[in-house]
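Novice: after the sequence you'll find the predicted model.
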Amino acid sequence: MKTHPMKLVTVVCEALARVPLLQLLKSHGVHGYTLFPVEGTGARGERPADIEEFANIQVEVIVPAAVADALVEKLHRDFLPQFAAIVYVTAVEVLRPEKF
Amino acid sequence: MKTHPMKLVTVVCEALARVPLLQLLKSHGVHGYTLFPVEGTGARGERPADIEEFANIQVEVIVPAAVADALVEKLHRDFLPQFAAIVYVTAVEVLRPEKF
Amino acid sequence: MKTHPMKLVTVVCEALARVPLLQLLKSHGVHGYTLFPVEGTGARGERPADIEEFANIQVEVIVPAAVADALVEKLHRDFLPQFAAIVYVTAVEVLRPEKF
């Protein structure tokens, strides 16, 4: 079965950034994401996932390489200055890329 | 420490597909998986993870490359026509590959 | 936007191993991790994530390649003999690597 090279862009950020992040993704035409709460420690100390207002979320989207580049650029310019976040990109092989 | 190249196969699908998916994995001799609920938006709209019956799940398995190929083929033929799902494969380096 | 190659080290282990794992990470100067509960099946059978004491956790850290090597070595020697765990490493491209 043929798979197709795409990019998985992962954003780990404070849960408070959820709405602006999803809006940013939508504005780049990103169809579909997965989101789940995570616990984490960063520069600001521990954030247990069960305390909603201090929780972190991990958001994952799969996009073509060119969209990943644009998204990372946008996140760097408009999102990271405002929110505690980590952004990383992983190469993946996707089945049914027409869904993205 | 030597690590070994393997494939991480990720399936994001509706929670309703849980049992058939785990059976499909088992039938390919996949020992061990991780599964966690995720929230997501796809073609069918938002599915909050806290509404059990509409939730999505993310299932991850690590397998040798040949098994990944067979699994992706099988998912394409028998699983994707029936369930809303995303399937992607990531190259990983694994410690203790004899466990897989 | 320039991204930088780093390693994502993932550990899936029994929740009981949480404290020793986080201590091991801290002792290697790892700043920041994400942690979330997962359900899984391994050699010891199913472990539903909602039964706290038998649950598994997935812990992810992003580190430079040299730190990943040292961490994997340490996990192999001091962690895997004591705890049921899977360890794997994924190549990622990170924005703002100065945070790691």
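Specialist: Okay, I see it.

Novice: hey, let's count contacts and neighbours off CA atoms from now on
Specialist: Fine.

Novice: could you pull out the helices for chain A?
Specialist: Residue ranges of the helices in chain A, as given by DSSP state H, are A:18-27, A:65-74.

Novice: please name the nearest non-neighbouring residue to residue A:33.
Specialist: residue A:61 (4.8 Å; CA to CA, 6 or more residues apart in numbering or on different chains).

Novice: the one you found bridge partners, please.
Specialist: Per DSSP bridges, the residues bridged to residue A:61 are residue A:9.

Novice: and it, what is it in contact with?
Specialist: The contact partners of residue A:61, by CA atoms under 8 Å, 6 or more residues apart in numbering or on different chains, come to A:8-10, A:30, A:32-34.

Novice: ok, and the most crowded of those?
Specialist: residue A:9 (25 neighbours; other CA atoms under 10 Å in any protein chain shown).

Novice: who's in contact with that residue?
Specialist: Counted by CA under 8 Å, 6+ apart, residue A:9 has contacts A:60-63, A:68, A:87-90.

Novice: so residue A:87 sits against residue C:62, correct?
Specialist: No - when contacts are counted by CA atoms under 8 Å, residue A:87 is not listed as touching residue C:62 (10.5 Å).

Novice: same drill for these two, tell me which one is more crowded.
Specialist: Taking neighbours as other CA under 10 Å, residue A:87 and residue C:62 compare with residue C:62 leading, 28 against 23.

Novice: rewinding a little: a markdown table please, covering the contacts of residue A:61 and showing pLDDT.
Specialist: Shown next, in a markdown table, are these (pLDDT from 0 to 100):
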| residue | pLDDT |
| --- | --- |
| A:8 | 98 |
| A:9 | 98 |
| A:10 | 97 |
| A:30 | 90 |
| A:32 | 86 |
| A:33 | 93 |
| A:34 | 94 |
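
Novice: quick check, nearest of those to residue C:21?
Specialist: Residue C:21 lies nearest to residue A:10 out of these, by CA to CA, at 23.1 Å.

Novice: what residues are up against that closest one?
Specialist: A:58-61, A:86-89.

Novice: if I look at residue A:24, how far off is residue C:93?
Specialist: 20 Å (CA to CA, to the nearest Å).

Novice: which of those two has more neighbours?
Specialist: Using other CA under 10 Å as the criterion, residue A:24 and residue C:93 rank with residue C:93 on top: 20 against 17.
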